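the amino acid sequence is not available; the structure is as follows:
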């Protein structure tokens, strides 16, 4: 997963916030799928970047997109659809997804 901050994006753009509670029975295939989804998202129209963090069973992934239509296109991608189904069946005890339009952003970076 990503370990860097996405910067340099000029609003407006969209963010998908995906917060998860991973099941203790998720298995190794979960981590492989998570990496595959990041790699696949990078190939999609309108993809701008991803940030992700996990602390124990809690995970938060932010993906950035140019338009809402790009997000809908990503949602309909076949492998992503398959991963969502498997997530509900096996990998997640719970998740929450939010889509928001970013109108302003501010950044700080220590030199």
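Cool, the structure landed. Values in this document were obtained by computation on a predicted structure and should not be read as measured data.

quick check: longest helix in this structure by residues?
helix 28-41 (DSSP state H).

touching it from outside, list them.
Outside helix 28-41, the residues that touch it by Cβ atoms under 8 Å, 6 or more residues apart in numbering are 1-2, 22, 47, 50, 52, 63, 74, 77, 79-80, 83, 86, 90-91. The C-beta positions use only the backbone N, C-alpha and C, and glycine is treated the same way.

ok, 10 Å please
1-2, 16, 18, 20, 22-23, 26-27, 47-50, 52, 54, 59, 61, 63-65, 74, 77-80, 82-84, 86-87, 90-92 (Cβ atoms under 10 Å, 6 or more residues apart in numbering).

one more: stretch 51-59?
Residues contacting stretch 51-59 (Cβ under 10 Å, 6+ apart): 1-6, 15, 18-24, 26, 30-31, 34, 38, 60-64, 92-95.

would you check how far apart the residue of the chain positioned farthest from its centre and residue 65 are?
Distance to the chain centre peaks in the chain at residue 111, reaching 28.1 Å (criterion: Cα atoms, centre = their mean). Plainly put, residue 111 is 30 Å away from residue 65 if you go by Cβ to Cβ, to the nearest Å.

go on, residue 43?
13 Å.

please apply the same query to residue 17.
The gap separating residue 17 from residue 65 is 12 Å, by Cβ to Cβ.

can you check residue 78 too?
In terms of Cβ to Cβ, residue 78 sits 18 Å off from residue 65.

the two - which one has more neighbours?
residue 65 (23 against 8; other Cβ atoms under 10 Å).

quick one: contacts for that one?
So residue 65 contacts 13-16, 41, 44-49, 71-74, 99 (Cβ under 10 Å, 6+ apart).

repeat the analysis, applying 8 Å as the threshold.
By Cβ under 8 Å, 6+ apart, the neighbours of residue 65 are 13, 14, 15, 16, 46, 47, 48, 71, 74.
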